[in-house]
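Colleague: quick one, what's the 3D model for this:
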Amino acid sequence: MLKQTPLFDLHLESGAKMVPFAGYQMPVHYTQGIIHEHLHCRSHAGFFDISHMGQCLIRGDSAASELEQLTPSDITGLEPGQQKYTVLTNSNGGIIDDIIVTRNASGLMIIVNAACKDKDFAHLKSHLSDRCHFEDLPDHALFALQGPAAAMIMQKFSPETADLSFMQSCEADISGIKCNISRSGYTGEDGFEISVANHYADQLARLLLAEDEVEPIGLGARDTLRLEAGLCLYGHELTEAITPVEAGLQWVFKKGHSKFPGAHRILDQLQHGAERIRTGLVVDSKIPVREGSVIINNEAMPIGHVTSGSFSPSLGRPIAMALLDRSSASPGNILYAKVREREIAVAVSKLPFIPHHHYRLKKS
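Modeller: Sure, this is the predicted structure:
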């Protein structure tokens with residue numbers, strides 16, 4: 001039986017095409033389609049229901065230090081109201097999941113991917129000591145408001161959010177509804193994520209969607225937006241067989257930190273380089289190059305595979321991300337993707353494809 005988010009009825013009312021995704025019925029797009037939704041988010045503001053993702057809270061004086069032992073990142077250094085993107089690693093250095101950790105007044109709030117929710121929560125509970133209290137938050141919905149108009153809209157409803165910089169959070173009211181609001185998101189645009197109790201979810205969603213600049217966005221455009229932004233997706237660029245170094249996530253590491261699962265392999269790659277690395281591909285064809293397509297060099301030797309690929313509405317052409325042999329991953333290098341019986345030319349590209357527009361307060 002597929003689960004439903006608290007906005008299921010609102011999605012149907014809004015003309016959504018619903019599909020199964022990570023055990024939920026989710027909107028893949030609405031009446032005007034993926035390309036329209038994608039471009040609207042880039043130019044105005046898009047509303048995303050991401051309530052299928054997992055939310056949990058870890059309390060206790062040792063919560064930060066214990067969580068830090070499960071990730072390569074600096075968790076103990078998080079100040080109240082700060083967020084961090086990081087990964088949970090396994091003993092082989094692979095990625096169990098990528099997560100967002102926020103330090104708030106209650107403890108450490110963690111957001112995990114929907115498809116990984118059960119294994120992540122089991123992993124955390126099995127590795128945290130009895131000095132930590134783990135609490136699942138199934139009674140909370142999660143929304144994202146993304147795009148250049150997002151800040152103006154949020155300031156109208158919750159003025160204190162204007163003081164947030166990228167990857168900062170606060171507790172605030174929106175029309176009397178208590179929310180946890182962070183200035184974050186996964187589109188490359190400025191935006192916010194809002195955690196709210198399920199029983200207020202429909203009311204809050206309708207309030208935001210009533211704004212002229214805001215339109216609902218489904219899973220289809222959510223994926224093309226994150227691909228243009230060069231952001232990893234679990235199950236594609238991130239798996240239990242791919243290390244953070246191979247995925248290009250060197251920036252998540254805490255200097256000098258070596259007490260996390262898989263540290264020996266990961267730190268060796270960090271020092272000497274990985275044999276394969278994530279890179280962008282710009283496709284010289286109208287034919288999209290999809291996940292799983294083998295990439296070959298001009299000598300017809302396989303040197304990697306596509307992890308994500310789609311048409312880019314912003315660029316008007318197909319793009320992809322791939323795991324490639326490091327020796328073949330120089331920007332501008334011409335390679336070939338095998339698509340059915342054809343070989344399609346692709347050029348290695350730096351990431352992201354589209355510049356990020358995250359908002360950071362200027363330091364005085």
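
Colleague: am I right that Tyr24 is in contact with Leu2?
Modeller: Yes. Assessed by CB atoms under 8 Å, Tyr24 is found in contact with Leu2 at 6.1 Å. The way it works is simple: take the backbone N, C-alpha and C, and place the C-beta from them, glycine included.

Colleague: who has more neighbours out of the two?
Modeller: A count of neighbours by other CB atoms under 10 Å puts Tyr24 above the other of Tyr24 and Leu2, at 19 against 13.

Colleague: so who does that one touch?
Modeller: The contact partners of Tyr24, by CB atoms under 8 Å, 6 or more residues apart in numbering, come to 2-5, 52, 114.

Colleague: ChimeraX command for the buried members of these?
Modeller: To isolate the buried ones among those in ChimeraX, judged by 16 or more other CB atoms under 10 Å, type:
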select :5,52,114
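
Colleague: can I get stretch 219-231 as PDB, trimmed to CA atoms?
Modeller: This file holds the C-alpha atoms of stretch 219-231, laid out as PDB (Å, rounded to 0.1, in the frame of the first residue of the first chain):
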ATOM      1  CA  LEU A 219       9.300  15.300  -9.000                       C
ATOM      2  CA  GLY A 220      10.200  15.700 -12.700                       C
ATOM      3  CA  ALA A 221      11.300  19.300 -12.500                       C
ATOM      4  CA  ARG A 222      12.800  18.700  -9.100                       C
ATOM      5  CA  ASP A 223      15.200  16.300 -10.800                       C
ATOM      6  CA  THR A 224      16.100  18.500 -13.800                       C
ATOM      7  CA  LEU A 225      16.700  21.400 -11.400                       C
ATOM      8  CA  ARG A 226      19.100  19.500  -9.200                       C
ATOM      9  CA  LEU A 227      20.800  18.000 -12.300                       C
ATOM     10  CA  GLU A 228      21.500  21.500 -13.800                       C
ATOM     11  CA  ALA A 229      22.800  22.600 -10.400                       C
ATOM     12  CA  GLY A 230      25.200  19.600 -10.400                       C
ATOM     13  CA  LEU A 231      23.800  18.100  -7.200                       C
END
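
Colleague: average pLDDT for it?
Modeller: For stretch 219-231, the per-residue pLDDT values average out at 98.

Colleague: what pLDDT does Lys363 get?
Modeller: For Lys363, the predicted pLDDT is 62.

Colleague: can you check Asp202 too?
Modeller: Confidence at Asp202, expressed as pLDDT, is 98.

Colleague: Gln146 now?
Modeller: With respect to pLDDT, Gln146 has a value of 98.

Colleague: what's opposite it in the beta bridge?
Modeller: Gly46, Gly191 (DSSP bridges).

Colleague: residue contacts, it?
Modeller: 41, 45-46, 48, 185, 187, 189-192, 217, 225 are the contacts of Gln146 under CB under 8 Å, 6+ apart.

Colleague: go again with 7 Å.
Modeller: By CB atoms under 7 Å, 6 or more residues apart in numbering, Gln146 lies in contact with 41, 45-46, 48, 185, 187, 189, 191.

Colleague: also Ile153?
Modeller: Counted by CB under 7 Å, 6+ apart, Ile153 has contacts 45, 145, 208, 211, 213-214.

Colleague: for Phe134, same thing?
Modeller: Phe134 makes contact with 56, 58, 124-125, 128, according to CB under 7 Å, 6+ apart.

Colleague: also Phe8?
Modeller: Gln25.

Colleague: how about the strands of the stretch 51-200 of the chain, start to end?
Modeller: 54-59, 83-89, 95-104, 107-112, 133-136, 140-146, 169-174, 177-182, 191-197 (DSSP state E, counting those that start in this stretch).

Colleague: how long is stretch 349-359 end to end?
Modeller: By CA to CA, to the nearest Å, the extent of stretch 349-359 from end to end equals 25 Å.

Colleague: what does stretch 257-271 give?
Modeller: 13 Å.

Colleague: picking up where we left off before, turn the strands of the stretch 51-200 of the chain into CSV, including distance to Lys350.
Modeller: Below are the strands of the stretch 51-200 of the chain laid out as CSV (distance: least, CB to CB, whole Å):
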stretch, distance to Lys350
strand 54-59, 32
strand 83-89, 20
strand 95-104, 21
strand 107-112, 28
strand 133-136, 39
strand 140-146, 23
strand 169-174, 30
strand 177-182, 28
strand 191-197, 23
